[in-house]
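[1] Fold the following, please.
(one chain, ligands or ions: 1)
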Amino acid sequence: MRIRKAVFPVAGLGTRFLPATKASAKEMLPIVDKPLIQYAVSEAISAGAEELIFITGRSKNSIMDHFDKAYELEAELESRGKRKLLETVQEILPPGITCIYIRQAEALGLGHAVLCAWPAVGDEDFSVILADDLIDGKLRPCLAQMQRVYQEYGTSVIATQQVPREEVSAYGIVETQPVAPGLGEIRRIVEKPKPADAPSNLAVVGRYILTPRIFKLLERTSGGAGGEIQLTDAISTMIQEQTVLAYEFEGTRYDCGSKLGYLKANVEYALKHPELADSFREYLCERVAEWNSRPRLAARK
Ligand code: UTP
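    This next block holds a predicted model:
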């Protein structure tokens, strides 16, 4: 049992990154030297995906170009003898992987974006990855961890993470019945609850393995919070018919849909980058020493 098809909804407007996202995709923002979408694609491929389905909108052509062969660039790098860079460009997409692009004409929400993938996914279980949730898996990538759970239980699996109570209103929050350590069956799911109404602090993050039943349910789902078709609403109906598991992944998530999360990811990935780690660490240490040597505002009062 392997999930062959991965869906990447990349049609959001990315308003939190304007003006950077006015004419180009949020998912093309780089974390050091690779765009967010490339990390997401690598994660899907490492979990066994062979068919990548991108749900795109306007200003997303750069995503198509990124995963396409760049003949002129490759010829130029070859003629300049830049072998390492040539390999970097050629390795973006391994052989045997197919890309499909489907246009979401209007940004009607994540649920609607997933529904747009139906003709390409058909009647098989599939995964959904939100590229702006960058996850650094502890022992293996997050989707590969989820794939193991899927292989054992053969049902939908959703990635979750404990978040501070005061942040629950930014997430879909689940109430679960424990199944195993870090794994629970979802009993209830609520989109962006107030902290006082939240059934727990276990938040849904941007990785899902879903059965195709979700498409029928999405088709019936009308606009929820903010007029958008919410994936959470369809999952809420699905748990009445099928088992849906909440899996607490092992690793660190960076919310790269927010500026602070994006900056943190860049710092952490730069500190692990083979060419940059040492010089960047040195720079950060110098800056920290400089800040620490400044008199604090409070001390001056
Ligand atoms: P977000 O909630 O982060 O929305 O979408 P957004 O438009 O990308 O960004 P902001 O909030 O305006 O800054 C979560 C994911 O769902 C996709 C986005 O591309 C992102 O990966 N999405 C959202 C769609 O594909 N279509 C939509 O209609 C909405």
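[2] Can you name the residue of the stretch 1-150 of the chain nearest to the ligand?
    In the stretch 1-150 of the chain, the residue that lies nearest the ligand is Gly12 (2.2 Å; CB to the nearest ligand atom). C-beta: built from backbone N, CA, C; applies to glycine.
[3] distance of the closest residue in space to that residue that isn't next to it in sequence from Val288?
    Once flanking residues are discounted, Gly12 sits nearest to Ala107: 6.0 Å by CB to CB, 6 or more residues apart in numbering. In this view, Ala107 and Val288 are 40 Å apart by CB to CB, to the nearest Å.
[4] Equivalent analysis for Ala131, please.
    As judged by CB to CB, Ala131 and Val288 stand 31 Å apart.
[5] can you check Ile97 too?
    Plainly put, Ile97 is 42 Å away from Val288 if you go by CB to CB.
[6] before we move on, what about Asp136?
    22 Å.
[7] ok, now Ala23?
    36 Å.
[8] residues near Ala75, how many?
    If you count neighbours by other CB atoms under 10 Å, Ala75 ends up with 11.
[9] which strands and helices sit next to the strand or helix carrying it?
    Ala75 belongs to helix 71-79 when elements are defined using DSSP states H and E. Under the contact criterion of 3 or more CB pairs under 8 Å, 6 or more residues apart in numbering; DSSP states H and E, helix 71-79 touches helix 83-90.
[10] so how far is the helix it packs on from its chain's centroid?
    Put simply, helix 83-90 sits 26 Å off its chain's centre (CA atoms, centre = their mean, to the nearest Å).
[11] SS state for Glu167?
    Classification of Glu167 using DSSP: H, G, I helix; E, B strand; the rest coil returns helix.
[12] Tell me if Pro178 really is in a strand.
    Yes. Per three-state DSSP, Pro178 lies within a strand segment.
[13] For it, name its beta-bridge partners.
    Beta bridges link Pro178 to Gly184, judged by DSSP bridges.
[14] Sounds good, over and out.
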